[in-house]
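In: model the following, please.
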Amino acid sequence: MSPHRFPIRVYFEDTDAGGIAYHARYLHWAERARTESLRDIGLPHSLMLESYGCFLVVRRVNVLYERPARLDQALVVETRLLAKRGASLSLRQDVCDATGAGRLARLDVDLVCVRADGLRPKPIPEPWASALVVDPDGDAS
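Out: Next up is the predicted model:
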């Protein structure tokens with residue numbers, strides 16, 4: 001399965017005085033990409049909350065910054081599912097230059113499905129459990 005691709009542009013609000021994107025912006029971009037990947041398969045976060053009383057939360061994120069993103073640069077966030085267990089997902093998200101000039105950052109993200117009432121882990125409900133397919137090539141560097 002190919003990765004989900006979500007386009008991003010670096011805006012002035014994303015940068016410091018030197019035109020370099022703040023490190024925390026990568027977390028924002030990755031969150032948007034994860035949200036849109038679910039929306040693109042017809043299973044948005046809002047449906048999980050409304051119909052099943054649960055949602056996905058970040059348990060852990062590890063970011064490797066390789067090169068800076070710069071003001072007005074076009075980027076793409078590629079999201080791959082690496083592993084799926086009862087209540088959890090492991091993803092890899094690469095923030096890349098949209099022109100193909102390489103990766104700027106890699107995020108390894110662990111998510112957990114939790115109940116809205118009490119925030120206790122809950123198995124990922126159908127149809128998400130079946131629709132979220134592990135990328136067999138996702139663990140490649």
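In: from the centroid of the chain, which residue is nearest?
Out: Nearest to the mean C-alpha position of the chain, by C-alpha atoms, centre = their mean, lies residue 34 at 3.6 Å.
In: quick one: contacts for that residue?
Out: By C-beta atoms under 8 Å, 6 or more residues apart in numbering, the contact list for residue 34 reads 56, 79, 91, 93, 109, 111. All C-beta spots, glycine's among them, are computed from the backbone N, C-alpha and C.
In: please apply the same query to residue 123.
Out: Taking C-beta under 8 Å, 6+ apart as the test, what residue 123 contacts is 86-87, 113, 129.
In: just the buried ones from the residues you listed?
Out: Using 16 or more other C-beta atoms under 10 Å as the burial test, those include 87, 113 as buried.
In: restricted to strands, list the contacts of residue 123.
Out: Counting by DSSP state E, the contacts of residue 123 place residue 113 in strands.
In: as CSV, the contacts of residue 123 with pLDDT would be great.
Out: Conversion of the contacts of residue 123 to CSV gives the following (pLDDT from 0 to 100):
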residue, pLDDT
86, 96
87, 98
113, 98
129, 95
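In: tell me the span between the first and last residue of stretch 56-76.
Out: The first residue of stretch 56-76 is 22 Å away from its last residue (C-alpha to C-alpha, to the nearest Å).
In: quick one: buried residues of it?
Out: Counting neighbours by 16+ other C-beta under 10 Å, one finds that the buried residues in stretch 56-76 are 56, 61, 63, 68-70, 73, 75-76.
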